[in-house]
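S.K.: Just need the structure, nothing else, for what follows:
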Amino acid sequence: MNGIIFAFIAGVFITFQSVFNTQVSKKLGLWETNTIVHITGLAFSIILMFFAGNGNMKKIGDINYLYLTGGIMGVIIIACVMKGVGSMGVTFTMILIIFVQLFGAALIDSNGWFGMEMKNFDLSKILGLAIIFLGILIFKWDEINKMFIAMGR
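M.R.: From the prediction side, this is the model:
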């Protein structure tokens with residue numbers, strides 16, 4: 001149950017963050033906003049670490065260096081989300097992000113990549129992804145239809 005609650009909270013915050021960051025970037029610029037986002041996030045994370053942290057930073061040398069690139073990925077993610085929201089709107093950007101995340105997660109789970117436990121990826125899960133993709137096509141049907149009409153001329 002905790003996982004569901006945390007996923008729900010993350011979804012809400014990702015949506016708001018995407019809009020807020022895009023609005024800030026209109027005034028400050030993409031990389032300036034990205035820098036502010038990460039500086040404020042770092043400050044908040046340090047505060048949380050001191051008051052609620054229960055890990056051991058001395059073990060950082062035991063971690064695969066690839067897994068320590070999350071901050072770099074975060075910079076790329078935030079920049080891409082801001083550009084997507086700015087050009088396609090919040091809803092369509094989030095739909096595409098979620099679809100690509102699910103597809104990537106399915107590959108990771110079904111192959112056990114990056115030290116994750118391998119999960120069975122059966123027909124029902126493939127069908128679920130196909131239905132989501134169909135939903136994306138339906139959501140953008142008018143634009144897709146216009147594109148095909150323009151190609152047929």
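S.K.: what's downstream of the helix or strand containing Ser87, the next helix or strand?
M.R.: For Ser87, the host element (DSSP states H and E) is helix 70-88. Using DSSP H and E, the next helix or strand after helix 70-88 towards the C-terminus is helix 90-111.
S.K.: so that next one versus helix 70-88, what angle?
M.R.: If you take axes from the mean of the first three to the mean of the last three C-alpha atoms, to 10 degrees, helix 90-111 sits at 140 degrees to helix 70-88.
S.K.: same question for the helix or strand following helix 90-111, mean pLDDT?
M.R.: Remark: after helix 90-111, the chain's next helix or strand is helix 123-139, criterion DSSP H and E. For helix 123-139, mean pLDDT is 89.
S.K.: elements contacting helix 123-139?
M.R.: Judged by 3 or more C-beta pairs under 8 Å, 6 or more residues apart in numbering; DSSP states H and E, helix 123-139 is in contact with helix 90-111. Quick note: C-beta positions are derived from backbone N, CA and C, even for glycine.
S.K.: Mind listing what's buried along the helix holding Ser87?
M.R.: Across helix 70-88, burial judged by 16 or more other C-beta atoms under 10 Å covers Ile78, Ala79, Val81, Met82, Gly84, Val85, Gly86.
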